[in-house]
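J.: task: produce atomic coordinates for the following.
(one chain, ligands or ions: 1)
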Amino acid sequence: MINTKNPPPTDWPKGYALVVHEHELPGDMVAQCESWGVSAPGYPILTQLFGCARFRFCTTPMRCEISITKGEADFVMAHERMHCDGWDHIGSASFRDAWIAYKVNPRAYCEAKANGN
Ligand SMILES: [Zn+2]
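T.: I've put the predicted structure just below:
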């Protein structure tokens with residue numbers, strides 16, 4: 001659930017490129033989300049992963065990628081779009097923390113990403 005009490009950083013990047021990866025099978029979407037380091041709490045036992053988003057600060061222009069099963073409900077896409085706009089889940093600050101880490105040292109951040117970290 002999005003933490004609506006903790007808005008994104010005011011300098012969150014605008015004008016990024018939105019890239020949506022649609023998958024025919026949920027399993028393909030899950031595999032891609034996991035390759036991005038995204039998993040739902042307790043997955044696969046307790047919850048189902050409906051979609052995921054990752055923000056790429058190191059591309060030109062910056063990109064936000066969404067992975068989703070084809071035909072998934074509109075609320076799932078709306079949720080992932082909020083991540084693209086910098087909103088985090090309750091109990092998480094992963095999007096905010098990534099933006100802060102990037103701003104502190106863009107070169108080091110992007111070199112680490114290029115090395116697969
Ligand atoms: Zn989410």
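J.: what sits up against the helix or strand encompassing residue 52?
T.: For residue 52, the element it lies in under DSSP states H and E is strand 51-56. With contact meaning Cβ atoms under 8 Å, 6 or more residues apart in numbering, strand 51-56 is reached by 16, 29, 32-33, 36-38, 62-69, 72, 76-77, 79-81, 83-84, 86, 95, 98-99, 113. For every residue, glycine as well, the C-beta is placed using N, CA and C.
J.: just the ones in strands from those, please.
T.: 63, 64, 65, 66, 67, 68, 69 (DSSP state E).
J.: by neighbour count, which of these wins?
T.: Counting neighbours by other Cβ atoms under 10 Å, the top entry in those is residue 67, with 25 neighbours.
J.: name all residues that make contact with that one.
T.: By Cβ under 8 Å, 6+ apart, the contact set of residue 67 is 21, 23, 29, 32, 33, 36, 51, 52, 53.
J.: reformat these as JSON lines; add distance to residue 91 and neighbour count.
T.: Output for the contacts of residue 67, formatted as JSON lines (distance: Cβ to Cβ, whole Å; neighbours: other Cβ atoms under 10 Å):
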{"residue": "21", "distance to residue 91": "26", "neighbour count": "14"}
{"residue": "23", "distance to residue 91": "27", "neighbour count": "18"}
{"residue": "29", "distance to residue 91": "23", "neighbour count": "23"}
{"residue": "32", "distance to residue 91": "24", "neighbour count": "17"}
{"residue": "33", "distance to residue 91": "18", "neighbour count": "24"}
{"residue": "36", "distance to residue 91": "19", "neighbour count": "13"}
{"residue": "51", "distance to residue 91": "19", "neighbour count": "23"}
{"residue": "52", "distance to residue 91": "17", "neighbour count": "24"}
{"residue": "53", "distance to residue 91": "17", "neighbour count": "24"}
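J.: many thanks, we can stop here.
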